[in-house]
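1. Here is a sequence with its predicted model. Questions after.
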Amino acid sequence: MIRQELKELIKNSIKELQKEKVLLFSIPEIKLEFSKIKEHGDYATNISLISSPLFKENPIELAEKLKKKIEKDKMIEKIEIKKPGFLNFFISHKKFQDELKKALGKDKDFGNLTRKKTKKVQVEFISANPTGPLTLGNGRGGFCGDILANVLDKAGFNVEREYYVNDIGEQIKKLGHSVLGDDEAVYKGEYIEELKKRIKNKDPEKAGIEAANIVLEEIIKPDVQLMGINFDKWFSERSLYENNKIEKSFEFLKNKELTYQKDGALWFKSSSFGDDKDRVLIKKGGEKTYFASDIAYIKDKFDRGFNSLIYIWGADHYGYIGRMKAAAVALGYKKGQIEIIIMQLVRLIKEGKIVKMSKRKGEYVTLKELVDEVGLDVARFFFIQRGAGTHLDFDLSLAKERSEKNPVFYTQYAYARACSILKKSKLEEENLKINNLKMLSDPSEIELLKQILRFPEIIEDTALDYQVQKVPNYALELTSSFHRFYHDCRVISEDEGISQARHLLIVAFKNVLKNTFDLMGISSPEKM
């Protein structure tokens, strides 16, 4: 990976300057940004600005010293310094061409960051209460969780997907009352009417348990399968009670003197670990809180050998972040071992108007209805195009558009075009001379080449910050570069060397776009 090599060059140059000036300090994190403006080079860093106080030098002067050391390397074409102390790196065409050779040799493995899957990571997502069908909000968290798991797997982590089934407690009783149709009924919809016909038990809790099992097995699991998601484990909250795991977690906290009695309730000293206040574990009447289950569940996860936990929750769970991290630390783990991603709300836009929805009133669009209408590829792509922290408007008209306005059609059409070009070419890939890649020099060729080689960087960045929208955005940028190349460069020409080089470039583009589609869980059509 070019970026990683460049980081090492910068790091070694800083170390050399340290020795020369007899200075001891920890080298700051070196951040290299991919430059989208050609005039700014290929990569840029502000390391001179960050390091100048440590060297007690002017940032520009320090940048000049680093430049002299780094530019000796063959991969560097030139380095430019910009005020107030940025270093802009221009990588040689030969380096890009050499890296493309490696990419072609790896095919599906291109982008894999390591073969050692030693770190065990769990991604828990969707986890909607088994009280009704999955809706748009569940889709956003579901697709993001699935794609994040794909990226982490590509980055070299041992990843497991888990769905937490809230099959005990107040919401199950409310489901039971809804099935019985009494004064405490909450949920509405066709599925409730169907459940009423099947469930004869008149006890609200027992009716709720039976209904929840039916909803889970006959509605939610088929919906998840329709989404193209395969969970490694469906974890029952009820099992925490049945296996005494909640009591064991209480005992653990009590032994560490992290609980106390107040107003007839049992409290956890969560404020001692960064939470804004202490939390109740057992209410005055003896009922255990949801947080009690959460603590036992955290402990159960770590007991299963996971090194880090990722939760993907809806916008209404933002207030739970502090207490969850506090619980993890109280149990003996680090805050960094538990990450909670909050997904903001989804609005469905139909013919320019917002479709109003309420799950409890029975007025909503199910995820199944949406996928049936726009297709799985479109649903997955659209749901992950925006960062988790921003609201998402799902434009139904655009989703159904069969033109380049639709980002899914735009990217898939590029893949189909690449397949068509390669099929029409009379060149046999096994006979192509890879050394002809040195003939790639047209600006459009180099731009596409650079975009292809960014793929491992996208994997690395997404695995670090969990911003899965980087994947579809990369697919769009890669596709844009391909269309520009196709417009500017004739693939099959009288010059056999150029034809071979461009053929190989398209092969690399096709492979990387296919890998990107695979990460997103969408298809790669060879004809459109």
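-> Looks like it arrived, so ask away. Numbers count the residues shown, from 1 in each chain.

2. List of residues touching the strand or helix carrying residue 312?
-> Assigned by DSSP states H and E, residue 312 belongs to strand 308-314. With C-beta atoms under 8 Å, 6 or more residues apart in numbering as the test, strand 308-314 has contacts from 119, 121-127, 137, 141, 144-145, 148, 298, 301-302, 320, 324, 328, 336-343, 388, 466. Backbone N, C-alpha and C define where each C-beta goes, glycine included.

3. go with 7 Å
-> 121-125, 137, 141, 144-145, 301, 337-343 (C-beta atoms under 7 Å, 6 or more residues apart in numbering).

4. what's the answer for stretch 395-409, then?
-> Against stretch 395-409 from outside (C-beta under 7 Å, 6+ apart): 348-351, 374, 377-378, 381-382, 410, 413, 476.

5. first vs last residue of that stretch, how far apart are they?
-> Start-to-end span of stretch 395-409 (C-alpha to C-alpha, to the nearest Å) is 15 Å.

6. what about it, average pLDDT?
-> For stretch 395-409, the mean pLDDT works out to 93.

7. list the buried ones in that stretch?
-> Applying a neighbour-count criterion of 16 or more other C-beta atoms under 10 Å, one finds 395-396, 398-399, 401, 406-409 buried in stretch 395-409.

8. circling back: can you flag which of the contacts of strand 308-314 belong to helices?
-> 137, 141, 144-145, 301 (DSSP state H).

9. out of those, who's nearest residue 185?
-> Proximity to residue 185 was ranked across these by C-beta to C-beta; first place goes to residue 137, at 22.5 Å.

10. What residues does residue 44 make contact with?
-> Residues near residue 44 by C-beta under 7 Å, 6+ apart: 33, 35, 86-88.

11. Make a ChimeraX selection of the buried ones in those.
-> A single ChimeraX command selects the buried members of these (16+ other C-beta under 10 Å):
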select :35,86,87,88
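
12. By pLDDT, rank the contacts of residue 44 and give me the bottom one.
-> Ranked by pLDDT, the contacts of residue 44 bottom out at residue 35, which scores 89.

13. my guess is that residue meets residue 42, correct?
-> Yes: the criterion here is C-beta atoms under 7 Å, and residue 35 meets it with residue 42 at 5.8 Å.

14. and residue 185, helix, strand or coil?
-> Three-state call for residue 185 (DSSP: H, G, I helix; E, B strand; the rest coil): coil.

15. tell me the contacts of it?
-> With C-beta under 7 Å, 6+ apart, residue 185 has these contacts: 177-178.

16. Recalculate using a threshold of 8 Å.
-> Going by C-beta under 8 Å, 6+ apart, residue 185 touches 174, 177-178.

17. for this protein, what are the low-confidence residue spans?
-> 115, 357-363, 428-431 (pLDDT under 70).

18. how about a cut-off of 80?
-> Residue ranges of the chain with pLDDT under 80: 107, 114-118, 356-364, 426-433, 492-494.

19. From the recorded domain assignment, give the ranges for it.
-> 2-91, 97-112+406-520 (automatic domain parsing).

20. Would you list the strands that the strand holding residue 312 pairs with, along with their directions?
-> Paired neighbours of strand 308-314 in the sheet (DSSP bridges): strand 120-124 (parallel), strand 338-343 (parallel).

21. ok, for residue 46, nearest residue in space, not its chain neighbours?
-> The shortest distance from residue 46 to any non-neighbouring residue, by C-beta to C-beta, 6 or more residues apart in numbering, is to residue 86 (5.7 Å).

22. before we move on, the earlier item: in helices, which of the contacts of stretch 395-409 appear?
-> Going by DSSP H, the helices hold 374, 377-378, 381-382, 410, 413, 476 from the contacts of stretch 395-409.

23. Identify all contacting residues around the host helix or strand of residue 474.
-> Assessed by DSSP H and E, residue 474 sits inside helix 470-488. Applying C-beta under 8 Å, 6+ apart, the set of residues contacting helix 470-488 from outside is 147, 151, 381, 384-385, 407, 410-411, 414, 417-418, 421, 442-445, 447-448, 450-452, 454-455, 458, 461-462, 505, 509, 512-513, 516-517, 519-520.

24. Let's see that with 6 Å instead.
-> Residues outside helix 470-488 that contact it (C-beta atoms under 6 Å, 6 or more residues apart in numbering): 381, 384-385, 407, 411, 414, 444, 447-448, 451, 458, 462, 509, 516, 519-520.

25. which of the residues you listed count as buried?
-> So, by 16+ other C-beta under 10 Å, the buried ones in the contacts of helix 470-488 are 381, 384-385, 407, 411, 414, 444, 447-448, 451, 458, 462, 509, 516, 519-520.

26. Skip the chain neighbours and tell me the closest residue to residue 391.
-> Spatial nearest neighbour of residue 391, excluding adjacent residues (C-beta to C-beta, 6+ apart): residue 344 at 4.9 Å.

27. Neighbours of that neighbour, how many?
-> Residue 344 has 16 neighbours, counted by other C-beta atoms under 10 Å.

28. Look up the closest residue to residue 328, ignoring the ones flanking it.
-> Closest residue to residue 328 apart from its sequence neighbours, by C-beta to C-beta, 6+ apart: residue 338 at 4.4 Å.

29. Identify the bridge partners of that neighbour.
-> residue 309.

30. give the contact list for it.
-> Residues near residue 338 by C-beta under 6 Å, 6+ apart: 309, 325, 328.

31. any chance of the residues you listed in a markdown table, plus neighbour count and distance to residue 205?
-> Shown next, in a markdown table, are those (neighbours: other C-beta atoms under 10 Å; distance: C-beta to C-beta, whole Å):
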| residue | neighbour count | distance to residue 205 |
| --- | --- | --- |
| 309 | 21 | 30 |
| 325 | 23 | 33 |
| 328 | 22 | 31 |
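
32. Contacts for stretch 498-518, please.
-> For stretch 498-518, the surrounding residues in contact (C-beta under 6 Å, 6+ apart) are 100, 103-104, 107, 111, 415, 418, 421-422, 425, 427, 432-433, 436-437, 439-440, 452, 455, 475, 482, 491-493, 524.

33. Show the buried residues in the residues you listed.
-> For the contacts of stretch 498-518, buried by 16+ other C-beta under 10 Å: 100, 103-104, 111, 415, 418, 421-422, 425, 427, 432, 436-437, 439-440, 452, 455, 475, 482, 491, 524.

34. Which of those fall within helices?
-> Members of those lying in helices (criterion: DSSP H): 100, 103-104, 415, 418, 421-422, 452, 455, 475, 482.

35. any idea which of the residues you listed is the one closest to residue 264?
-> Closest to residue 264, out of all of these and judged by C-beta to C-beta, is residue 475, at 56.8 Å.

36. In the lengthiest helix in the chain, which of the residues would be classed as buried?
-> Taking DSSP H as the criterion, the chain has its longest helix at helix 496-520. Neighbour-count burial for helix 496-520 flags 498-517, 519-520 (criterion: 16+ other C-beta under 10 Å).

37. Return the distance of it from the chain's centre.
-> 24 Å (C-alpha atoms, centre = their mean, to the nearest Å).

38. With stretch 33-45 instead?
-> Distance of stretch 33-45 from its chain centroid, counting by C-alpha atoms, centre = their mean, is 25 Å.

39. Flag every buried residue along it.
-> If you call a residue buried by 16+ other C-beta under 10 Å, then stretch 33-45 has these buried ones: 34-35, 40-45.

40. what does stretch 112-125 give?
-> In stretch 112-125, counting by 16+ other C-beta under 10 Å, buried: 121-125.

41. Need the strands paired with strand 308-314 in TSV (columns: distance to residue 21).
-> Shown next, in TSV, are the strands paired with strand 308-314 (distance: least, C-beta to C-beta, whole Å):
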stretch	distance to residue 21
strand 120-124	41
strand 338-343	39
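
42. Nearest approach to residue 55 belongs to which of these?
-> For residue 55, the closest of the strands paired with strand 308-314 is strand 338-343, at 34.8 Å, according to C-beta to C-beta.

43. okay, the angle between the closest one and helix 376-383?
-> Inter-element angle recorded for strand 338-343 and helix 376-383: 100 degrees (by axes from the mean of the first three to the mean of the last three C-alpha atoms, to 10 degrees).

44. Give the buried subset of the ones in helices among the contacts of stretch 395-409 as a PyMOL selection command.
-> To isolate the buried subset of the ones in helices among the contacts of stretch 395-409 in PyMOL, counting by 16+ other C-beta under 10 Å, use the following:
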select buried, resi 374+377+378+381+382+410+413
